[in-house]
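> For reference, the sequence and a predicted model appear below.
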Amino acid sequence: GTPVRLGVRRGAHAWELTLRRARLATENVTVDRLHDGPIATTRIKVVSFTKGTGEQVRRAVREAPKGDGILLDLRANSGGLVAEAVTASAAFLDGGLVATYDVHGAQRALSAPPGGDTTRPLAVLVDGGTMSAAELLAGALQDRGRAVVVGSRTFGKGSVQQPSELPDGSVAELTVGHYSTPAGRAVDGAGITPDLAAHGDAEQRARTVLSGLGGGA
């Protein structure tokens, strides 16, 4: 509720604005059911991977009606906690590799716990705003043959950051390595290329894909 006075300049024109602070609350995972297409579809929209997001995705898949296809919408997802993306992958995979990464030359692996739904039709929506942990999830589902990825090429942020405390108590985030998909594709600077390119009609095309995969049968 406190005011903030801003000075703004554009070219030779300058002016001042007074804004009032407000708390912005968003849901990281929203779930709805679409009935107006060729098949019934449960749409799971994930805007970022914060603490608890992975389990929310798993719960949404468990609670989706039998026979529904799943549309996992990762468009404009800026990423977040990689561990939460790995947990989310467990909704669709029965264990196995999700990503690899190197830290100072040492190779490490991220794996999903077993027990996911491996049969329900799945399409993943991505775009240029799909970043980091969201790219790892999309790449893993694509490489493992679990989902059809629809949309446009993702952002391409696949660097591993590690915090280092400085003498004055502040913390610097240093890039120490890079992530790769299960098939060994580098994400950083390359992004994830969808199986089916689509732009304005991406969601409709993804739902058509789900129909072809057998959703609603």
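Happy to help now that I have it. Numbering: from 1, shown residues only.

> any idea where the helices of the protein begin and end?
Assigned by DSSP state H, the chain shows helices spanning 53-63, 82-89, 133-143, 202-213.

> now what about the last one, what contacts it?
Looking back up the chat, that one is helix 202-213. 34, 37-39, 41, 69-71, 73, 75, 121-125, 127, 148, 150-152, 196, 198 (Cβ atoms under 8 Å, 6 or more residues apart in numbering). All C-beta spots, glycine's among them, are computed from the backbone N, C-alpha and C.

> if we can go back for a sec, switch the helices of the chain over to JSON lines; also include mean pLDDT, mean neighbour count and distance to Asp188.
Conversion of the helices of the chain to JSON lines gives the following (pLDDT from 0 to 100; neighbours: other Cβ atoms under 10 Å; distance: least, Cβ to Cβ, whole Å):
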{"stretch": "helix 53-63", "mean pLDDT": "97", "mean neighbour count": "19", "distance to Asp188": "22"}
{"stretch": "helix 82-89", "mean pLDDT": "95", "mean neighbour count": "24", "distance to Asp188": "13"}
{"stretch": "helix 133-143", "mean pLDDT": "97", "mean neighbour count": "27", "distance to Asp188": "9"}
{"stretch": "helix 202-213", "mean pLDDT": "92", "mean neighbour count": "20", "distance to Asp188": "24"}
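
> Which one of the ones you listed lies nearest to Gly95?
For the helices of the chain, the distance to Gly95 is smallest for helix 82-89, at 9.9 Å, taking Cβ to Cβ.

> Report the angle between that closest one and helix 133-143.
Helix 82-89 and helix 133-143 are oriented at 40 degrees to each other (axes from the mean of the first three to the mean of the last three Cα atoms, to 10 degrees).

> Can you spell out which helices and strands pack onto the lowest-mean-pLDDT helix or strand in the chain?
Least confident helix or strand, the chain: strand 159-165 with a mean of 82, by mean pLDDT, DSSP states H and E. In terms of contacts (3 or more Cβ pairs under 8 Å, 6 or more residues apart in numbering; DSSP states H and E), strand 159-165 is packed against strand 96-103, strand 171-180.
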